[in-house]
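[1] Here is the input, now give the coordinates:
(one chain, ligands or ions: 2)
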Amino acid sequence: AENRVMTEISGPGRTSDGHAVKLLANVGSAKNVPAADQAHAEGIGLFRTELLFLDRTSEPSRDEQITAYREVFRAMAGRRVVIRTLDAGADKPLPFLHQEGEPNPALGVRGLRVARQRPQVLTTQLAAIAAAAGDTGADVWVMAPMVSTLAEATEFAAAVHEAGLPRAGVMIEVPAAALRAADLLRVVDFLSIGTNDLSQYTFAADRMCGDLAELLDYWQPALLQLVGICGEAGRAAGKPIGVCGEAAADAALAPVLAGLGVSSLSMSPRALSGVRASLARYSYAECRRLAELAVAAPDAATARKVVS
Ligand code: PEP
Ligand code: MG
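    Ligands and ions are numbered 1, 2, ... in the order given. Reported below is the predicted structural model:
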């Protein structure tokens, strides 16, 4: 019994019958790594690279980027680090890109779309990530934000491989991408669902708008259904499907996400122990059943009640 308690506090993510769901941390820089370690994260599931690009009028140099990325990779030797390429625009405006003229930035040139106008920003970043990974021993995976089509995923994966990085993935933040998850998995190694943006675009509700919290609820069955499409595609392809948005930090939702086919959850380090304990309370068959009930529920409140 003592062993089991220890596993729940600090071991790898598992259902009560041993089905693995990797528990990872979201970080913005090496400063966040100690908190991830203290919470026994199995790796980094989302390394947001915007920090380095904020509040400046010119792009950080390749060397500056290498230094920042290497610090995180070194600290994570032997573990997975999913690093996200620059996610600029909308709620993350970056002065050096001069995009302030857009009438509707959330639907504008943001995330991977910036690479259409400034391809060199992406190639420099990928080169810096490859150089930083070097011999640090970290298992570096690279993903792009705001991907909508197979063509975008194909092009991104090619750029990642060209930089000498072996693992390319895309974030699922746009409903069109979720619907075509099986297609995307033909060209990338993994998917990571960004539920903050996926909610925003599924419900046409600004993620910054507190008045719309009910639409942005992660228990909305329509959102869970899209997660399920991705999970199903991942199972069929034998490829990992993560969740790295705020939904991953909701302990009660963890068994539902596992049941939908999600193989890793990445969150703020402080949420890790609650999610680990919640997952350990259910068998994988129970998770599958809860997932089915939650997706079939008529609304978020009813979905919530299936897990209690
Ligand atoms: C998301 O959209 O869920 C996500 C993880 O990315 P960000 O919050 O940085 O947009
Ligand atoms: Mg996002």
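
[2] I'd like the next helix or strand past the helix or strand hosting residue 278.
    Assigned by DSSP states H and E, residue 278 falls within helix 272-279. Following helix 272-279 in sequence order, the next helix or strand is helix 284-296 (DSSP H and E).

[3] Now do that following helix and helix 272-279, the angle between them.
    Orientation check (axes from the mean of the first three to the mean of the last three Cα atoms, to 10 degrees): helix 284-296 against helix 272-279 gives 100 degrees.

[4] For helix 284-296, buried residues please.
    Applying a neighbour-count criterion of 16 or more other Cβ atoms under 10 Å, one finds 284, 286-291, 293-295 buried in helix 284-296. From N, CA and C alone the C-beta is placed, and that goes for glycine too.

[5] swap in stretch 204-215?
    Neighbour-count burial for stretch 204-215 [16+ other Cβ under 10 Å]: 205, 207, 212, 215.

[6] Among these, which one lies nearest to residue 191?
    Ranked by distance to residue 191 (Cβ to Cβ), those are led by residue 207 at 19.9 Å.

[7] what's that closest one in contact with, if anything?
    91, 196-197, 199-200, 216 (Cβ atoms under 8 Å, 6 or more residues apart in numbering).

[8] Quick one: buried ones out of these?
    Those of the contacts of residue 207 that meet the buried threshold are 196-197, 199-200, 216, by 16+ other Cβ under 10 Å.

[9] what about the closest residue to residue 258 other than its chain neighbours, distance to ligand 1?
    Nearest residue to residue 258, sequence neighbours excluded (Cβ to Cβ, 6 or more residues apart in numbering): residue 287, at 4.5 Å. Look at residue 287 and ligand 1: by Cβ to the nearest ligand atom, to the nearest Å, they are 22 Å apart.

[10] what's the spacing between residue 287 and residue 256?
    The gap separating residue 287 from residue 256 is 7 Å, by Cβ to Cβ, to the nearest Å.

[11] For residue 139, list each beta-bridge partner.
    Per DSSP bridges, residues listed as beta-bridge partners of residue 139: residue 80.

[12] Quick check: it touching residue 43?
    Yes - in terms of Cβ atoms under 8 Å, residue 139 counts as a neighbour of residue 43; the distance is 7.4 Å.

[13] Quick one: mean pLDDT for the helix or strand hosting residue 232?
    Assigned by DSSP H and E, residue 232 belongs to helix 221-237. The predicted model assigns helix 221-237 a mean pLDDT of 98.

[14] Quick check: can you name the pairing partners of the helix or strand that it is followed by and their directions?
    Next in sequence after helix 221-237, counting helices and strands by DSSP H and E, comes strand 241-243. Paired with strand 241-243 in the same sheet, following DSSP bridges, are strand 190-193 (parallel), strand 264-267 (parallel).

[15] Following the chain onward from strand 241-243, which element is next?
    Next in sequence after strand 241-243, counting helices and strands by DSSP H and E, comes helix 254-259.

[16] contacts for that next one?
    Helix 254-259 is contacted by residues 15, 19, 21, 224, 227, 243, 247-248, 265, 275, 278-279, 281-282, 284, 286-292, 294, 303, 306-307 when judged by Cβ under 8 Å, 6+ apart.

[17] Can you verify my assumption that residue 201 contacts residue 175?
    Yes - counting by Cβ under 8 Å, residue 201 does reach residue 175; the two are 5.9 Å apart.

[18] ok, these two, which is more surrounded?
    residue 201 (20 against 17; other Cβ atoms under 10 Å).

[19] Using the three-state scheme, assign that one.
    Recorded secondary structure, residue 201: helix (DSSP: H, G, I helix; E, B strand; the rest coil).

[20] and the nearest residue to it once chain neighbours are set aside, what does it touch?
    The shortest distance from residue 201 to any non-neighbouring residue, by Cβ to Cβ, 6+ apart, is to residue 174 (5.4 Å). Applying Cβ under 8 Å, 6+ apart to residue 174 gives the contacts 146-148, 197-198, 201.

[21] hmm, try it at 10 Å
    Residue 174 sits next to 111, 146-149, 152, 180, 194, 197-198, 200-202 when contact means Cβ atoms under 10 Å, 6 or more residues apart in numbering.
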